[in-house]
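[1] Take a look and give me a structure for this.
(2 chains)
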Amino acid sequence: MKLYNEKLSENTEKIFAGGSRKYHDQLKEKNKLFVRDRLNLLFDHGEYEEDGRFANCVEKDLPADGVVCAIGKIEGQKVCVMANDSTVKAGSWGKRTVEKIIRIQETAEKLQVPLLYLVDSAGARITDQLEMFPGRRGAGRIFHNQVKLSGVIPQICLLFGPSAAGGAYIPAFCDIVIMVENNASMYLGSPRMAEKVIGEKVSLEEMGGAKMHCTISGCGDLLVQTEQQAIECARNYLSYFGANYNELPKTKESKSPVIGRTLEEIIPENQNIPFDMYELIDQLIDEGSFFEIKKLFAPELITGLARISGRTVGIIANQPKVKGGVLFVDSSDKAAKFIQLCDAYSIPLLFLADVPGFMIGTKVERAGIIRHGAKFISAMSSATVPKISVIVRKAYGAGLYAMCGPAFEPDVCIALPTAQIAVMGPEAAVNAVYSNKIEEIKNVKERVNFVKEKIDEYKEEIDIYKLASELVIDDIVAPSNLRETISNRLHYYSSKQIALPYRKHPVFPV
Amino acid sequence: MEELRSQMAGTVFEVLVKEGQQVTAGQTVIIIESMKMEIPFEAESDGVVSKIHVSEGDFVNEDDVLITFA
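    As a prediction, this is how the structure comes out:
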């Protein structure tokens, strides 16, 4: 027996050590952690059970076949993890690598627990392509499983290194992608390939770097500086979710908002002067509970998870400080994905509207702002979680619709006394309706007076009390009472149930 | 050499700096009116205004250069 044990520990030690010294040194140079150190940080007490540890162990230089697949706990919540080992053939995928990833996906599905992908891989091992690429249990199956699991269990991607070619679809199918600046990258073809195939000379950072993906392409959700921060973010993110679509989000102890200016002080009286929506959000949520998603991408719209009186809520808020809070192509995509995420995992939605509308002009029309806006509206409209719509200031045109206006069955549409709801703002409306008349008036003073008179008439027409009187909105609330009413209503609406209509799925606009 | 580009299409409402002027990061340098909103644009870093490419009332498209800093 002793001999057997010795052989086992010898093999195990070899596997635990990963690839050769040279590759471990390379990790250190790039401020990267070894895969097993990542797992020690990720799991509670660094404890986990591993499957397929001896994959390819008869080969000398392929410990675990370059991927660690494990079950452990995060804050007491069971989770499954697949983690590439970039010290083993650059984390590339062979036949057994792929099989292990597929199996951990199947395990996560059976156990109905979140699945995390710690990605650091050069992509397919070309020498193994027949065994790992095209078949029924080839790499394609990983993505097929991801799609099947989407909306069933949370899927989180931590990108520590490259995610190349086909492998780049792992982050693409996850709910959230956390990227480490300077090390993480995603691309279908490397810069070298781009030069060879299409003649483009470009750096990796410019074409597929973490910063680019988190600010421009929108493929990344969170940009962090270190791997430790990425792991901390992933652990924190999960604290807002249940284990699967059938479980309600976890609640925490209620906290007061951070001490700051009151809403009355934050919101300027002049509708056309911007203010900082972050400051307003801070006054509504439990201190320190904001987990922002896609902070750097389309910042004219803010999306993030937070807690109000301990309950998880998904916030979608216009940011008047950036581009006037106008909705664009990218902001629409950002909202659509975030709303679907919250709706899938029973996270109530809070809309904070101060929106002049969707952007107009040639540039956005050519970019298809209509179909992009349709994604936003469609996602919001099909969400069946509790929806609270707050009109902070203006909600004009389709902006009102996108921000869960009355027609889209919010559980409540609340207006602050500063709210203005209309097809368009007073100045634009008067110009549109009376443009000929205005031009006819030659006397400047007379013209100014005429415009002012019409603007005042229009403002009266869209007076918020008139809308409340017509039951367009459900309540007008003093800014100082807004947090309390949202908190109460989140409690009351928690038993909301909507039977889904019989159909396979809507034809979702893309 | 740094360029401040318009984040969106609109009309130049007010230019708040002059060529040769010293600016600090975060200082509002130009206001674009778009969608009936006044959108303030700030200098991204400290520098000197070397060229103002637009005048008040001009239409600018998204990504047009507004101000060059040295």
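[2] Flag every residue of chain B that's near chain A.
    Chain B has residues B:7-9, B:34-40, B:61-62 near chain A, with proximity defined as Cβ under 8 Å from any Cβ of the partner chain. Bear in mind the C-beta positions are built from the backbone N, C-alpha and C, glycine included.
[3] SS state for the nearest residue to A:Thr312 once chain neighbours are set aside?
    Excluding the flanking residues, the one nearest A:Thr312 by Cβ to Cβ, 6 or more residues apart in numbering or on different chains is A:Pro249, at 3.8 Å. Three-state assignment for A:Pro249 (DSSP: H, G, I helix; E, B strand; the rest coil): coil.
[4] For A:Pro249, give its distance to A:Cys233.
    As judged by Cβ to Cβ, to the nearest Å, A:Pro249 and A:Cys233 stand 17 Å apart.
[5] Would you report the backbone torsion angles of whichever residue of the stretch 51-200 of chain A sits closest to chain B?
    When scored by Cβ to the nearest Cβ, the stretch 51-200 of chain A has A:Glu181 as its residue closest to chain B, at 18.5 Å. Phi and psi for A:Glu181, reported as degrees, to the nearest 10, are phi -60, psi 140.
[6] now swap in A:Glu446 and tell me
    Taking degrees, to the nearest 10 as the convention, A:Glu446 sits at phi -60, psi -40.
[7] What is the burial count for residue 36?
    I'll assume chain A. Neighbour count of A:Arg36, defined by other Cβ atoms under 10 Å in any protein chain shown: 20.
[8] wrong chain, I was asking about chain B
    21.
[9] OK, contacts around it?
    Listed by Cβ atoms under 8 Å, 6 or more residues apart in numbering or on different chains, the contact partners of B:Lys36 are A:272, A:356, A:424-425, A:427-428.
[10] Now the buried members of the residues you listed.
    When the contacts of B:Lys36 are checked for burial by 16 or more other Cβ atoms under 10 Å in any protein chain shown, the buried set is A:272, A:356, A:424-425, A:428.
[11] Would you mind measuring from the residue nearest to A:Thr312 to B:Ile30?
    For A:Pro249, the distance to B:Ile30 (Cβ to Cβ) stands at 43 Å.
[12] and what of A:Lys445?
    Distance of A:Lys445 to B:Ile30, computed by Cβ to Cβ: 30 Å.
[13] which of the two has more neighbours?
    Set A:Lys445 next to B:Ile30 and count neighbours by other Cβ under 10 Å: B:Ile30 wins out with 23 against 8.
[14] So what sits opposite that one in the bridge?
    Taking DSSP bridges, one obtains B:Val15, B:Phe41 as the residues bridged to B:Ile30.
[15] before we move on, back to that, and the residues of chain B next to chain A, which is closest to chain A?
    Nearest to chain A out of those is B:Met37 (Cβ to the nearest Cβ; 3.4 Å).
[16] excluding its backbone neighbours, what's nearest that closest one?
    Spatial nearest neighbour of B:Met37, chain neighbours left out: A:Gly324 (3.4 Å); criterion: Cβ to Cβ, 6+ apart.
[17] quick one: pLDDT of that neighbour?
    Note on A:Gly324: pLDDT of 92.
[18] what do you get for the one 5 residues further on?
    Model confidence at A:Val329, given as pLDDT, is 97.
[19] Relative to chain B, how far out is it?
    Counting by Cβ to the nearest Cβ, to the nearest Å, the gap from A:Val329 to chain B is 11 Å.
[20] quick one, what contacts that residue?
    A:Val329 neighbours (Cβ under 8 Å, 6+ apart): A:364, A:367-369, A:372.
[21] So which helix or strand of chain A has the lowest pLDDT on average?
    helix A:426-440 (a mean of 90; mean pLDDT, DSSP states H and E).
[22] by contact count, what packs against the helix or strand harbouring A:Arg96?
    Assigned by DSSP states H and E, A:Arg96 belongs to helix A:95-111. Judged by 3 or more Cβ pairs under 8 Å, 6 or more residues apart in numbering or on different chains; DSSP states H and E, helix A:95-111 is in contact with strand A:48-51, strand A:67-74, strand A:77-84, strand A:115-121, helix A:129-132, helix A:139-149.
[23] how about the strands of chain B, start to end?
    B:2-5, B:10-15, B:22-23, B:28-34, B:37-42, B:47-52, B:59-60, B:65-69 (DSSP state E).
[24] could those go into TSV alongside distance to A:Ile216?
    Compiled in TSV, the strands of chain B are given as follows (distance: least, Cβ to Cβ, whole Å):
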stretch	distance to A:Ile216
strand B:2-5	14
strand B:10-15	22
strand B:22-23	26
strand B:28-34	21
strand B:37-42	19
strand B:47-52	24
strand B:59-60	21
strand B:65-69	19
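[25] Thank you, goodbye.
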